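Novice: fold the following.
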Amino acid sequence: MKSLILLCTTILFVISASAQQVVVRGTVTDDKGSAIVGASVRVANTRYGAYSKSKGAFEIKLPSAMDATLVVSMIG
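Specialist: All right, here's what the predicted structure looks like:
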């Protein structure tokens, strides 16, 4: 009975650990280091993305850790 409870606890821990969000933060700058405001930053082949805000900062919340390619674009 003790090992069954331990097994169930371990499974619940693994499920809750894998359900945690991952936050990707960064700054979009030009080749001179100046911040770019309003750039689109998205994770390729997903629906996740954000726009850079003041000082070029962006934040994208992902449902879990994954290998990802960020695509940055700006019109103007």
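
Novice: just the strands in the chain please.
Specialist: Assigned by DSSP state E, the chain shows strands spanning 22-27, 40-43, 49-51, 57-62, 70-73.

Novice: of these, which is nearest Gly33?
Specialist: Proximity to Gly33 (Cβ to Cβ) singles out strand 22-27 among the strands of the chain, at 9.7 Å. For the C-beta atoms, the positions are set from N, CA and C on the backbone; glycine is no exception.

Novice: helices and strands around that closest one, which ones?
Specialist: If contacts are counted by 3 or more Cβ pairs under 8 Å, 6 or more residues apart in numbering; DSSP states H and E, strand 22-27 sits against strand 57-62.

Novice: ok, back up a step: tell me the most buried of the strands of the chain?
Specialist: Among the strands of the chain, strand 40-43 has the highest mean neighbour count (mean count of other Cβ atoms under 10 Å), at a mean of 18.

Novice: partners of that one, with directions?
Specialist: Neighbouring strands of strand 40-43 in its sheet, by DSSP bridges, are strand 49-51 (antiparallel), strand 70-73 (antiparallel).

Novice: any idea of the mean pLDDT in the longest one?
Specialist: When you say that, I think you mean strand 70-73. In this model, strand 70-73 has a mean pLDDT of 91.

Novice: pLDDT score for the closest residue to Pro63 other than its chain neighbours?
Specialist: In space, and not counting its chain neighbours, Pro63 is closest to Gln21: 6.3 Å by Cβ to Cβ, 6 or more residues apart in numbering. With respect to pLDDT, Gln21 has a value of 82.

Novice: Gln21 contacts Leu62, doesn't it?
Specialist: Yes. Contact criterion Cβ atoms under 8 Å: Gln21 and Leu62 qualify, at 6.6 Å.

Novice: re the thing from before, neighbours around the residue nearest to Pro63, how many?
Specialist: A count of nearby residues for Gln21, using other Cβ atoms under 10 Å, gives 9.
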